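J.: Attaching a predicted model along with its sequence, questions to come.
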Amino acid sequence: AQSVTQPDIHITVSEGASLELRCNYSYGATPYLFWYVQSPGQGLQLLLKYFSGDTLVQGIKGFEAEFKRSQSSFNLRKPSVHWSDAAEYFCASIIQGAQKLVFGQGTRLTINP
Amino acid sequence: GAVVSQHPSRVICKSGTSVKIECRSLDFQATTMFWYRQFPKQSLMLMATSNEGSKATYEQGVEKDKFLINHASLTLSTLTVTSAHPEDSSFYICSARLAGGREQYFGPGTRLTVT
């Protein structure tokens, strides 16, 4: 069955430090992959997406993610975090031709001043 | 572009009453809309998928008679929670997708509290 795993439930980093949030998917074919961010009490905002082509994708707010087929991973990175990046981050995938978006469990990001 | 709105953003209702939540795609036509439920500190759980003009497809374990979904136009889907109970209190989020599109655009969510 299609599944997405975010191994880290909660991550704390200092403002200005680099960030990497992990995401792994499990099925044979390459899915479409997404990262969303959710601030408290808000809906989800799309940060970036991967469909095909260049495996390093750039998103909004200075985020990027790299698709690694060999590791079934799509990790999110940011070189220098800002206090406003504190939020919940969700990795999600959809199998080509399917309708349903499958979400990971989410990673809560806390920023220390 | 690709903005999705939800109304209301917050609603409090008494146990046993029904409440309707609207989801609108403001600047595009959404052939498919999705309804999710999110409990505190948890991920989103898909409740149902609705295609314009046809019956919604409910996920396993979701009561279709309790959570009525209507997708009457290409820009509007509604979720009606019938005979609400306190355990229905949750954060409900909708999303919408363009015809042939791959990504979903999410609404801001509706906080339902049943007293």
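T.: Noted; the coordinates are in hand.
J.: Count the neighbours of residue 104 for me.
T.: I'll assume chain A. 24 (other Cβ atoms under 10 Å in any protein chain shown). Using the backbone N, CA and C atoms, a C-beta is placed for each residue, glycine as well.
J.: should've been chain B
T.: 26.
J.: SS state for the nearest residue to it once chain neighbours are set aside?
T.: In this structure, residue B:104 finds its nearest non-sequential neighbour in residue B:95, 3.9 Å apart by Cβ to Cβ, 6 or more residues apart in numbering or on different chains. Of the three states, residue B:95 takes strand according to DSSP: H, G, I helix; E, B strand; the rest coil.
J.: Quick check: bridge partners of residue A:37?
T.: Here residue A:37 sits in beta bridges with residue A:45, residue A:89, going by DSSP bridges.
J.: what's the neighbour count on it?
T.: So residue A:37, with other Cβ under 10 Å, has 20 neighbours.
J.: doesn't residue A:88 make contact with it?
T.: Yes: here residue A:37 reaches residue A:88: they are 7.3 Å apart, a contact under Cβ atoms under 8 Å.
J.: and the nearest residue to residue B:94 once chain neighbours are set aside, what is it in contact with?
T.: Using Cβ to Cβ, 6+ apart and skipping the chain neighbours, the partner closest in space to residue B:94 is residue B:23 (3.5 Å). Taking Cβ atoms under 8 Å, 6 or more residues apart in numbering or on different chains as the criterion, residue B:23 is in contact with B:4-6, B:33, B:35, B:76-79, B:94, B:96, B:107.
J.: beta partners for the residue nearest to residue B:104?
T.: For residue B:95, the beta-bridge partners are residue B:34, residue B:106 (DSSP bridges).
J.: From chain A, how far out is the residue positioned nearest the centre of chain B?
T.: The residue lying closest to the centre of chain B (Cα atoms, centre = their mean) is residue B:35, at 3.7 Å. Distance of residue B:35 to chain A, computed by Cβ to the nearest Cβ, to the nearest Å: 12 Å.
J.: swap in residue B:107?
T.: In terms of Cβ to the nearest Cβ, residue B:107 sits 5 Å off from chain A.
J.: okay, now that residue: neighbour count?
T.: 29.
J.: what does residue A:12 give?
T.: Using other Cβ under 10 Å, residue A:12 has 11 neighbouring residues.
J.: what do you get for residue A:16?
T.: 13.
J.: tell me the contacts of residue A:25?
T.: Here residue A:25 is in contact with A:2-5, A:31, A:33, A:72-74, A:91, A:93 (Cβ under 8 Å, 6+ apart).
J.: Can you check what pLDDT the model gives it?
T.: Predicted confidence (pLDDT) for residue A:25: 93.
J.: ditto for the one 3 residues further on
T.: The predicted local confidence for residue A:28 comes out at a pLDDT of 67.
J.: do the one 10 residues further on as well
T.: Predicted confidence (pLDDT) for residue A:38: 95.
J.: Please name the nearest non-neighbouring residue to residue 18.
T.: I went with chain A, as the question did not name one. residue A:79 (5.3 Å).
J.: Please refer instead to chain B.
T.: Nearest to residue B:18 is residue B:82, by Cβ to Cβ, 6+ apart, at 4.7 Å.
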